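In: using only what follows, build the 3D model:
(one chain, ligands or ions: 1)
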Amino acid sequence: MTLLRAENITKRYPGVTALDNVTIEVEPGHIHCIVGENGAGKSTLVKILTGLERPDRGNLYIEDEDRTGQMSKAIAYVPQELNLFDNMTVAENIFLPFDNTGSGSLLFDRRRCEREAAPIMEKLKMESSPSDLASEISVAERQLLQIARALVGSEFRVLILDEPTASLTKMEIERLFAVLEDLKSQGRSAIFITHRLDEVMRLHDIVTVLRNGEVVGNSSGEDIDEDWIVRMMTGKGIDLNFLYRPRKPLGDRLLEVEGLAGDGFSDISFTLREGEILGFAGLVGAGRSEIMQTIFGYRKHTAGSARFLGEEWTFGNTGKAIERGLIYLSEERKSHGIFPNLSIRQNVAAGLLKTISTMGVVSDRRQREATSRIISDYKVKTASDKTAIRNLSGGNQQKVLIGRSLLANPRVLFMDEPTRGIDVNAKEEIYTLMQRIAEENRMGIVLISSELEELLRCCNRVITIYEGRMNSEIPEDQLDMETILGAIIGSGGSRPATDAAA
Ligand SMILES: Nc1ncnc2c1ncn2[C@@H]1O[C@H](COP(=O)(O)OP(=O)(O)OP(=O)(O)O)[C@@H](O)[C@H]1O
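Out: Residues are numbered from 1 along each chain as shown. Take a look at the predicted model:
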């Protein structure tokens, strides 16, 4: 019996047909991957499969029963955005009966709750303790917690995961994959949404490709490869090995950091030059974001100094950092810098206020022009600039934020996981843009990324961070996968990190 069948689903929002006559079927013991560009309709489809939204047309059958627009315990769901109760413990977060997890009874007994959480956490090899507060655990642990929460409902037959690996390291991803294999062997199924093509190749029993709300490809065949997926998604071929490293000679020193220390890292020294893309590699939690956030002013600096454009740098003042030409583009869209309920234009205006307006006022015309330039330059998929930014697909939100941060013409841009949740085509657009602003505007870019391919393709140099310290610096001619991987797990470190470009 087919576990889940969505038949001829159509869903429209004002100005957008998010899904157009989509049919998919999920068989028992299958991993069903769904891929598509940003805005293709994947999350909308998930909302319909989980019963969170009702389609305008079409039906949802779960084990042959019509469940259109209703939630079902047969469906467990891990949403794309983290969605936890920060002031509750890990165990409480696992067991509270959230609507969309299929989790059952209320358990108010804290000790019992913690006891019962332990085996689920063990399955995912979580490092936190059941009694830790959700607000105190790392981003990766929070992601695993979200998955643990979905796994707790024993009745589910289909587990839906919407980009579950975005904040996970390779090791954590392996654990998740083992859990999925386990589910398969029990005859349960998973719907897996990802932008990472290697994950699709590794996991899929069947792949469905969405483009502009329509199913354009559906195959379980052996013929599937990354090229096929890219072609189906984008309607064209893309060379996934193309290099975007800036080619022009590097210029003056923009940023010089000496002996920097802060929360979770120490002894960090590096130099960033005009026209350079400098990569920072490391495991999630190695301290890369903390270093850049400390320079930018979000976090407390405890030792060391920095020079920016040859002048002494003052730590601890983000407003001043932006004014002087340093911008940090955060990996956590939601908590830094996005106003979900405001329109795209208002979000752009908020950025303009912080950056180029001296009087605290930005004219309507300027807001409109800046927003429409971002929408056209970055191909943001939206019906209008008045759309609330939360209604854009995740990738399109990110494009607006990147566009907004560049409006101020910064000299140095810290990009923290800038392509997380971004589709394969938009990624190439972002890499092209990074290369262009480095070469033509002579900007210096620090790129923090967990995707090694991204670092290899874009960076002139890569510094690796291991447990809060620099353990190697890899110049362009030695950049390869094994060298970076070795260094980030702590087995590299052959070269001390210095200013290789000097
Ligand atoms: N509540 C809403 N109101 C208006 N438009 C919406 C709403 N939800 C989704 N959309 C639009 O529907 C389209 C499909 O969005 P969806 O989030 O399903 O895409 P996606 O494939 O999941 O993208 P991503 O990979 O970026 O997460 C997009 O154009 C989006 O802007």
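In: CA atoms for contacts and neighbours, from now on please.
Out: Will do.
In: list the helices and strands the lowest-mean-pLDDT helix or strand in the chain packs on?
Out: The weakest-scoring helix or strand in the chain, judged by mean pLDDT, DSSP states H and E, is helix 344-355 (a mean of 80). Identification of packing neighbours for helix 344-355 by 3 or more C-alpha pairs under 8 Å, 6 or more residues apart in numbering; DSSP states H and E yields helix 318-324, helix 364-377, helix 394-406.
In: looking at those helices, which is buried most?
Out: Burial of the helices and strands packed on helix 344-355 is given as mean neighbour count (mean count of other C-alpha atoms under 10 Å); helix 394-406 ranks first at a mean of 22.
In: what's the closest of the helices and strands packed on helix 344-355 to the ligand?
Out: Proximity of those to the ligand was assessed by C-alpha to the nearest ligand atom; the nearest stretch is helix 394-406, lying at 3.7 Å.
In: how big is the angle separating the helix or strand following the closest one from helix 394-406?
Out: Sequence order places strand 412-416 as the next helix or strand after helix 394-406, per DSSP states H and E. Comparing the axes of strand 412-416 and helix 394-406 via axes from the mean of the first three to the mean of the last three C-alpha atoms, to 10 degrees yields an angle of 160 degrees.
In: okay, strand 412-416 in CSV with CA atoms only?
Out: As requested, C-alpha coordinates have been extracted for strand 412-416 and formatted as CSV (Å, rounded to 0.1, in the frame of the first residue of the first chain):
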residue,chain,number,x,y,z
VAL,A,412,35.2,44.1,4.2
LEU,A,413,32.4,41.6,4.2
PHE,A,414,32.2,38.6,6.6
MET,A,415,29.9,36.0,5.0
ASP,A,416,29.0,33.3,7.4
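In: what angle do whichever helix or strand comes after that strand and strand 412-416 make?
Out: Taking DSSP H and E as the definition, the helix or strand that follows strand 412-416 towards the C-terminus is helix 424-439. Angle of helix 424-439 versus strand 412-416, following the same axes, to 10 degrees, is 160 degrees.
In: any idea how far the following helix or strand past helix 424-439 is from the middle of the chain?
Out: Following helix 424-439 in sequence order, the next helix or strand is strand 444-448 (DSSP H and E). Relative to its chain's centre, strand 444-448 lies at 17 Å (C-alpha atoms, centre = their mean, to the nearest Å).
In: identify each buried residue in strand 444-448, please.
Out: Neighbour-count burial for strand 444-448 flags 444, 445, 446, 447, 448 (criterion: 16 or more other C-alpha atoms under 10 Å).
In: surely residue 245 touches residue 455?
Out: No: Residue 245 is not in contact with residue 455 according to C-alpha atoms under 8 Å; the separation is 9.3 Å.
In: can you pull out the low-pLDDT segments for the stretch 401-502 of the chain?
Out: Applying pLDDT under 70 to the predicted model, the residue ranges of the stretch 401-502 of the chain that meet it are 491-502.
In: do you know how far residue 268 is from residue 478?
Out: Spatial separation of residue 268 from residue 478 under the definition C-alpha to C-alpha, to the nearest Å is 22 Å.
In: between these two, who's got more neighbours?
Out: More neighbours sit around residue 268 than around the other of residue 268 and residue 478, counting by other C-alpha atoms under 10 Å; the figures are 21 against 12.
In: who in the stretch 251-400 of the chain is up against the ligand?
Out: 381, 382, 391, 392, 393, 394, 395, 396 (C-alpha under 6 Å from any ligand atom).
In: point out the residues in the chain that sit beside the ligand.
Out: Neighbours of the ligand within the chain, by C-alpha under 6 Å from any ligand atom: 13-14, 16, 18, 36-44, 381-382, 391-396.
In: can I get the residues of the stretch 251-400 of the chain next to the ligand in a markdown table with pLDDT?
Out: Output for those, formatted as a markdown table (pLDDT from 0 to 100):
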| residue | pLDDT |
| --- | --- |
| 381 | 85 |
| 382 | 90 |
| 391 | 89 |
| 392 | 88 |
| 393 | 80 |
| 394 | 76 |
| 395 | 75 |
| 396 | 85 |
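In: what's the closest of these to residue 464?
Out: Using C-alpha to C-alpha, residue 395 is the member of those that lies nearest residue 464, at 26.9 Å.
In: give me the nearest residue to that closest one, chain neighbours excluded.
Out: Leaving aside its chain neighbours, residue 395 sits nearest to residue 422 (4.7 Å; criterion: C-alpha to C-alpha, 6 or more residues apart in numbering).
In: for residue 397, give its distance to residue 310.
Out: From residue 397 across to residue 310, the span is 35 Å (C-alpha to C-alpha).
In: what does residue 76 give?
Out: Relative to residue 310, residue 76 is positioned 54 Å away (criterion: C-alpha to C-alpha).
In: my read: residue 219 touches residue 228, true?
Out: No: in terms of C-alpha under 8 Å, residue 219 does not count as a neighbour of residue 228; the distance is 10.3 Å.
In: who are the packing partners of the host helix or strand of residue 140?
Out: The secondary structure element spanning residue 140 is helix 139-151 (assigned by DSSP H and E). With contacts taken as 3+ C-alpha pairs under 8 Å, 6+ apart, helix 139-151 sits against strand 75-78, helix 90-95, helix 110-123.
In: average pLDDT for the longest one?
Out: Within the predicted structure, the mean pLDDT of helix 110-123 is 86.
In: flag every buried residue along it.
Out: In helix 110-123, the ones that count as buried by 16+ other C-alpha under 10 Å are 113, 114, 116, 117, 120, 121.
In: got the contact list for the helix or strand containing residue 454?
Out: Element membership for residue 454, per DSSP H and E: helix 452-458. Residues from elsewhere that reach helix 452-458, judged by C-alpha atoms under 8 Å, 6 or more residues apart in numbering: 241-246, 277, 279, 281, 431, 435, 447, 449, 462, 479-481, 484-485.
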